[in-house]
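[1] Based on what follows, work out the 3D shape:
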Amino acid sequence: MEMSTTVTVTLQDDVYRRAAQFAQMANLKVNEVLSDAIELSLLPPNPKSSAVKTVSELSDKEVLKLAELQMPPAQDRRLSRLLSRQQAGTLKAEERAELMTLMQVYQNGLLRKAQALAEAVRRGLREPLTP
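    Reported below is the predicted structural model:
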């Protein structure tokens with residue numbers, strides 16, 4: 001059985017509000033969301049991640065391809081299923097880690113895609129998105 005330690009943390013109000021909103025959408029307690037976020041952010045670094053080029057180092061072709069990035073269909077379906085189970089309150093404990101990992105993959109993908117879109121606009125490869 002893993003040990004746990006209770007800590008008190010002071011958060012900026014907007015950070016707490018985002019965590020509370022996510023917790024409400026995910027049908028979790030705020031402390032669970034924050035605990036998972038901290039745990040995921042402190043995972044050992046992936047050796048492959050250091051080999052990933054920054055968006056500014058990519059060729060025009062690579063930037064445009066990254067700007068169209070989509071989560072692989074199998075992962076997207078699994079993420080949707082897990083989110084549905086969580087909303088319904090039927091998510092199993094062992095599925096929770098998988099859900100958090102897939103959410104991290106999704107968020108990292110969105111970040112890379114946004115960076116690529118910005119870089120494509122900066123290079124004049126794409127028109128800026130209009131509201």
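[2] What is the lengthiest helix in the chain packed up against?
    Counting residues, the longest helix in the chain under DSSP state H turns out to be helix 93-122. Where contact means 3 or more Cβ pairs under 8 Å, 6 or more residues apart in numbering; DSSP states H and E, helix 93-122 is packed against helix 30-41, helix 60-67, helix 73-88. No exception for glycine: its C-beta is placed from N, CA and C like everyone else's.
[3] For it, buried residues please.
    96, 99-103, 109, 113, 115-120 (16 or more other Cβ atoms under 10 Å).
[4] which two in those are spaced the farthest apart?
    96 and 120 (36.1 Å; Cβ to Cβ).
[5] Can you pull up the most central residue in the protein?
    With distances taken as Cα atoms, centre = their mean, residue 107 lies nearest the centre of the chain, 2.4 Å away.
[6] Could you give the average pLDDT over the longest helix of the chain?
    On average, the pLDDT along helix 93-122 is 87.
[7] same check, this time on stretch 70-78
    90.
[8] Distance of residue 76 relative to residue 17?
    With the distance defined as Cβ to Cβ, to the nearest Å, residue 76 ends up 28 Å from residue 17.
[9] mind checking how far stretch 97-117 is from the chain centre?
    4 Å (Cα atoms, centre = their mean, to the nearest Å).
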